[in-house]
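Peer 1: Give the three-dimensional model of this entry:
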Amino acid sequence: MNTIAGAPDARAQLAALIFAVLLLDEDDRIVEANHAAEEMLGRSARKLAEKRFWDVVGIADHRLGDRLSLSDAQVIARGVTIATAIGDRRVNISSSPMHGNPGWRVVTLSDAGQSENDDDDDQRVELRAPAVLAHEIKNPLSAIRGASQLLTRRVAGKDKPLARMISAEVDRIAQLIDRMQQLGAKPIEITGPCNLHEAIRNAMATVRAGREDACELVEEFDPSLPAVAAEQGALEQVLINLIANACDAGMAQEHARVTVRTRFVSGLVFNTIRLGKATRLPIEITVTDRGPGIDPALRDHVFEPFVSSKPHGQGLGLALVRKLVRDMGGRISHERDERAGETHFRINLPVAG
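Peer 2: Model (predicted):
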């Protein structure tokens, strides 16, 4: 292949790839690892160098493991759970032998969520509540809002925040009704920049106020993160749903705890098929619970409408969450770390501006 003057060299091209790439020698030792591999496996390229592939990537599927152990075999597998230094990941994996160098091969790993097909957005699921029902719900909401405004003027100072919260929650419920009617319809408008941690804390306050149990909400924030491109009301709705679900998942535990983490992930790029472009999504929010996890039979369908593991769940919450996150140009995924006994829901968003 001819090299054009001034074109990036092979190492630069490798570094630019959005999926993890590992070059293995005849002994399955890692010789090269790009930046995406560092992010996925939780180790620097220097620490990965000379490590055997099997020492940094655990594969529970024995048949796939046996197939991957053959250095001359071409392998493609989707939706595989691997164990890494930072927990379990659900990935697509491929192994490509280098025929000019017997025993050498290139292994790629991509987050199964990154390559999800957004074509289902084109098949927009219409979940429009009947207009009469929406009207009947909004009428009492207006009365409640009016009463809360009167309370705000009359109650003592220490109780004013609760009265204001009632008013704010009534507005949010009214907006939620509108959004449910538009699920699968036109996208929300991004009014950012949005203060990420303010949105999370508002969502936490709402969840705390609405629950009688003692589920502990823990913050693990990176205070240096910039503002995100998001609509704050929609982001708060997403977080309220995820945090409340996480609290529900841990109800059977004596000391239920939900952790919300934020961090910067420099290498993540999401191919947004419906927009025809790749979007950089470096801001990550993770909501983690220690509950029993989602039924394995439902894990691939949790973001679909009417799918729920709750006895009386309607299966609309996570479908709306996915719709709102996608409207903001982000992505949402989930994974189960059986070793740690934790379930993670991850939101990745673009930086504002």
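Peer 1: looking at the protein, which helix or strand is least sure?
Peer 2: strand 269-272 (a mean of 56; mean pLDDT, DSSP states H and E).
Peer 1: Which parts of the stretch 51-200 of the chain are strands?
Peer 2: Shown for the stretch 51-200 of the chain, the strands assigned by DSSP state E, counting those that start in this stretch span residues 58-59, 75-84, 87-97, 105-111.
Peer 1: Is it possible to get TSV of these that adds distance to residue 345 and mean pLDDT?
Peer 2: The C-beta positions use only the backbone N, C-alpha and C, and glycine is treated the same way. Shown next, in TSV, are those (distance: least, C-beta to C-beta, whole Å; pLDDT from 0 to 100):
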stretch	distance to residue 345	mean pLDDT
strand 58-59	22	91
strand 75-84	16	87
strand 87-97	13	87
strand 105-111	14	90
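Peer 1: In contact with residue 242, which residues?
Peer 2: For residue 242, the contact set (C-beta atoms under 8 Å, 6 or more residues apart in numbering) comprises 287, 321, 345, 347.
Peer 1: thinking again about what came up before, which one of the strands of the stretch 51-200 of the chain lies closest to residue 223?
Peer 2: With C-beta to C-beta as the criterion, residue 223 lies closest to strand 87-97 of those, at 23.6 Å.
Peer 1: residue ranges for the strands of the stretch 251-353 of the chain, please.
Peer 2: 257-264, 269-272, 277-280, 283-289, 331-337, 342-349.
Peer 1: Can you flag the weakest of the ones you listed by average pLDDT?
Peer 2: The minimum mean pLDDT among the strands of the stretch 251-353 of the chain belongs to strand 269-272 (a mean of 56).
Peer 1: domains for the protein, by residue range?
Peer 2: 10-112, 129-181, 189-349 (automatic domain parsing).
Peer 1: hey, least reliable of these by pLDDT?
Peer 2: Lowest mean pLDDT within those: domain 129-181, a mean of 73.
Peer 1: Is residue 349 in contact with residue 330, as I believe?
Peer 2: Yes: using C-beta atoms under 8 Å, residue 349 is in contact with residue 330, at 4.3 Å.
Peer 1: what sits in contact with each of those two?
Peer 2: 230, 281.
Peer 1: about what we covered before: ok, which pair from the contacts of residue 242 is furthest apart?
Peer 2: The widest separation within those (C-beta to C-beta) is 10.5 Å, between 287 and 321.
Peer 1: out of these two, which sits in the more crowded spot?
Peer 2: Counted by other C-beta atoms under 10 Å, residue 287 and residue 321 do not tie: residue 287 has more neighbours, with 26 against 23.
Peer 1: wait, what's in contact with the closest residue to residue 84 other than its chain neighbours?
Peer 2: Nearest residue to residue 84, sequence neighbours excluded (C-beta to C-beta, 6 or more residues apart in numbering): residue 41, at 5.0 Å. Applying C-beta under 8 Å, 6+ apart to residue 41 gives the contacts 20, 33, 48, 56, 57, 84, 85, 86.
Peer 1: Residue 210 versus residue 41, what's the distance?
Peer 2: In this view, residue 41 and residue 210 are 39 Å apart by C-beta to C-beta, to the nearest Å.
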